[in-house]
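Enquirer: Just need the structure, nothing else, for what follows:
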Amino acid sequence: MQGRDKRSGMEVRSNGDLLVNVRLPIGFCTQLKTQPRRQSRIIIGGRFRCEFGAPALCIAMADQPVHQPNDKLFRSTFSELENAAAFFQNYLAADLVSSLDWRTLRQQPSGFIDVELIGSESDLLFSVSSASGEAFVYVLFEHQSREDPWMALRLLSYMVKIWERQRANGLASKQKSFLSPIIPVVLAQSSEPWRMEPRFSALFGRGASPLYTPDFTFELIQLVSLEYGEMRGSAAGVLSLRALRADALGELLHAMVFDETLLLRASESAVERLFRYISARDIDRNAFRETLNGIHNKNLKDKAMTLAEQWRQEGMEEGMEKGREQAQQSVIDVLEVRFGRVPEGLAEKIQHERSLAKLRTLLLQALKAVSLEDFACHTEV
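Expert: Got it, this is the predicted structure:
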C-alpha cells in the first residue's frame, strides 16, 4: 500500500510508514514520521512546543521522549539541578563559576538540535543569574563516532535559535530586553580525542579581520581524555560520566563504573538509572551478573540482583508483547495486500487476539483464504 495525497502532503510508504510534511509558521518545514493505526506517535523529528507568549512563533523541539540509551542517561542525570550545578562548577573556568549564582540555576526548554542529528546528539539549556543579569548555559551532548570540524558553526546556529526565542518572548511581553550571554558546553562521548580548537574564529583562514569575524569559545569536555578517577561532580553525575566513557571505550563493566563508594553515596534512582543503562547496552549478560554478584555491600548487592531479575522479566514480557503486536499486524497486512481494506470490526478482532499460536494459525489462513468472508468464516475470529 503506497501513495501520496497532494492536498494533505501525506505519503504512505511501501513499508507502512506515514510521512507528514508540516510547515511551521516561521517558515521551517519539518518531516514527521508516524505509523497508521496508532495514536499520532512521532518516531522522528521531535514534537512541537509552541511558545504561547509569541503567537507567531512555533518551534519544532527535539526534547521528545529519548530513545537512545546514552541520551536518556545524560538527560535524566543532568536534568537534576544538583547534578548539573556540580558538573558546571567542576568543569567551567573558576572565574566564571565564581561569578554565577548557582542557587538560581533553572532548566529551560531545550531541543535546538537539527532533526537529522537527533540520533547522535542531545542538549540541555539552563539559565543562571550573575551580577550583570541572566546568562544561559547550553550543553550539547555529542556521541557521534567522529569529530565534527564544523562543531563551532553548528553551535552558533543553536545559540541563534536560543536568542531568537528570547527575543520573541520579549516582543510578546512588550518589554524591551537585551540578549543574554550563552556559555556553550560540548560534552563529547567518543573513543578518540578531538583535535579541534574550541573557538569559532578557528573556522576562518589566517588574516581574517577581527572587525568582521564573529568569535566565541566553547567548553569542550572530552570523556575519553578524562581518567575515571579524575571525574568530578555529584555522585550520580560522576557515575553517569564514567559509564558514558566506559561505553565509548568498550569497557562498560570496568570496576570504576561499579565503584561502591559512589554507588552508596548516590540515590537509589541514580543507581537504578546506571544499571538500567548498562543492561540496555550490548554486554556479556553473564559477566554483568557476575559483576553485580561481586558487590561487597549486601544491601547494594541485593538491590542490584533484584533489579537485574526484574529487567530480565520485563525484557521477556516486552519481547512477547512486541511479537504479539507484530503477528497481529502481519495478519492484517496480508489480508490488505490480498483483498484490500480490512473491515474495522474484523481488524479489531485480530488485534484483540492474544494467543501467539492462534495468530500463527490466522496468518496461515490469511494466506490460504479465497476471500475475507472465507477467512472470517474458517478462522472463527
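
Enquirer: what about the stretch 1-150 of the chain, any weak spots by pLDDT?
Expert: Along the stretch 1-150 of the chain, segments meeting pLDDT under 70 span 1-67, 115-120.

Enquirer: let's see 50
Expert: Within the stretch 1-150 of the chain, the stretches with pLDDT under 50 are 1-66.

Enquirer: which stretches of it form helices?
Expert: Assigned by DSSP state H, counting those that start in this stretch, the helices in the stretch 1-150 of the chain fall at 69-78, 81-91, 94-99.

Enquirer: Including mean neighbour count and distance to Leu179, could these go into JSON lines?
Expert: Yep, even glycine has a C-beta here, placed from its N, CA and C like the rest. Below are those laid out as JSON lines (neighbours: other C-beta atoms under 10 Å; distance: least, C-beta to C-beta, whole Å):
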{"stretch": "helix 69-78", "mean neighbour count": "21", "distance to Leu179": "24"}
{"stretch": "helix 81-91", "mean neighbour count": "20", "distance to Leu179": "21"}
{"stretch": "helix 94-99", "mean neighbour count": "11", "distance to Leu179": "18"}
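
Enquirer: Export those to JSON lines and append columns for distance to Ser355.
Expert: Formatted as JSON lines, those follow (distance: least, C-beta to C-beta, whole Å):
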{"stretch": "helix 69-78", "distance to Ser355": "32"}
{"stretch": "helix 81-91", "distance to Ser355": "46"}
{"stretch": "helix 94-99", "distance to Ser355": "61"}
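
Enquirer: between those, which gets nearest to Arg338?
Expert: Of all the helices of the stretch 1-150 of the chain, it is helix 69-78 that lies closest to Arg338, at 39.6 Å by C-beta to C-beta.

Enquirer: which residues sit against the closest one?
Expert: With C-beta atoms under 8 Å, 6 or more residues apart in numbering as the test, helix 69-78 has contacts from 66, 83-84, 87, 122, 124, 139, 141, 143, 187, 189, 236-237, 240, 243-244, 247, 270, 273-274, 277, 280-281.

Enquirer: Okay, helices next: where are they in the stretch 251-381 of the chain?
Expert: For the stretch 251-381 of the chain, the helices defined by DSSP H, counting those that start in this stretch occupy 260-265, 268-280, 285-293, 298-339, 344-352, 356-368, 372-379.

Enquirer: Just tell me which of those ends up closest to Val128.
Expert: Checking these against Val128 by C-beta to C-beta gives helix 268-280 as the closest, at 22.8 Å.

Enquirer: If you count neighbours, what's buried in the closest one?
Expert: Within helix 268-280, the residues that count as buried by 16 or more other C-beta atoms under 10 Å are 270-279.

Enquirer: From the chain's centroid, how far away is that helix?
Expert: Centroid separation for helix 268-280 versus its chain: 16 Å, with C-alpha atoms, centre = their mean, to the nearest Å.

Enquirer: And it, what does it pack against?
Expert: With contacts defined as 3 or more C-beta pairs under 8 Å, 6 or more residues apart in numbering; DSSP states H and E, helix 268-280 has these neighbours: helix 69-78, helix 235-248, helix 285-293, helix 298-339.

Enquirer: With distance to Ile183 added, can I get those helices in a markdown table?
Expert: As requested, the helices and strands packed on helix 268-280 are exported to a markdown table (distance: least, C-beta to C-beta, whole Å):
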| stretch | distance to Ile183 |
| --- | --- |
| helix 69-78 | 15 |
| helix 235-248 | 18 |
| helix 285-293 | 37 |
| helix 298-339 | 37 |
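
Enquirer: which one of those lies closest to Gly345?
Expert: The nearest among the helices and strands packed on helix 268-280, by C-beta to C-beta, is helix 298-339 at 12.4 Å.

Enquirer: Might you calculate how far the closest one sits from the centre of the chain?
Expert: Worked out by C-alpha atoms, centre = their mean, helix 298-339 lies 21 Å from the chain centre.

Enquirer: swap in stretch 352-359?
Expert: The answer for stretch 352-359 is 33 Å, by C-alpha atoms, centre = their mean.

Enquirer: Ok, stretch 148-157 next?
Expert: 20 Å.

Enquirer: Then stretch 165-173?
Expert: 27 Å.

Enquirer: do stretch 331-349 as well
Expert: The chain centre lies 35 Å from the centre of stretch 331-349; the measure is C-alpha atoms, centre = their mean.
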